[in-house]
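Participant: my questions concern the predicted model and sequence given below.
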Amino acid sequence: MIVCVCNNISDREIRQAVDLGISSVAELHKELGVGTMCGKCVSYAREVLNEHLDSKTTITEVRRMPQTA
C-alpha cells in the first residue's frame, strides 16, 4: 500500500528501511523522503514504522541450559 503518495513510498519500503536500521520518522524523512511534500503521510508512516519495530524480536540474553544425561 502506498503510504506517501507525493513520493510514491510504500509500507513495504518503510518495513525494509526498518530492517536496515531506520528507527524514527526523522530517519524515514531523511532517507526515503517521507513527509517532505504535503506531510499528510507522516502519521500513517509513523504507525507502519512503530508496528514493524514492535514486531521485531530482539534477543538480549542467551542462557545455556544444563544437559541431562
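Facilitator: The structure has been received and is ready for your questions.
Participant: and the nearest residue to residue 7 once chain neighbours are set aside, how many neighbours does it have?
Facilitator: Distances taken as CB to CB, 6 or more residues apart in numbering place residue 33 nearest to residue 7, at 4.4 Å, with adjacent residues excluded. Heads up, the C-betas are built off the backbone N, CA and C, glycines and all. Residue 33 has 14 neighbours, counted by other CB atoms under 10 Å.
Participant: which pLDDT value goes with residue 33?
Facilitator: What the model reports as pLDDT for residue 33 is 96.
Participant: what about the strands in the protein?
Facilitator: Along the chain, the segments classed as strands by DSSP state E run 2-4, 9-10.
Participant: and the last one, which strands flank it?
Facilitator: With DSSP bridges as the test, strand 9-10 is paired with strand 2-4 (antiparallel).
Participant: list the buried residues of the strand it pairs with.
Facilitator: 3, 4 (16 or more other CB atoms under 10 Å).
Participant: neighbouring contacts of it?
Facilitator: Contact with strand 2-4 is made by 8-11, 14, 32-35, 37, 41, 44-45, 48, as judged by CB atoms under 8 Å, 6 or more residues apart in numbering.
Participant: again, only using 6 Å
Facilitator: Applying CB atoms under 6 Å, 6 or more residues apart in numbering, the contact partners of strand 2-4 are 9, 10, 11, 34, 41, 44, 45.
Participant: from those, list just the buried residues.
Facilitator: Here, 16+ other CB under 10 Å leaves 9, 11, 34, 41, 44, 45 buried among these.
Participant: wait, what's in contact with the third one?
Facilitator: Going back to what we said before, that points to residue 34. Here residue 34 is in contact with 4, 9, 28, 45 (criterion: CB under 6 Å, 6+ apart).
Participant: now do the nearest residue to residue 56 once chain neighbours are set aside against residue 47, distance only.
Facilitator: In space, and not counting its chain neighbours, residue 56 is closest to residue 18: 7.4 Å by CB to CB, 6+ apart. To residue 47, residue 18 is 12 Å away according to CB to CB, to the nearest Å.
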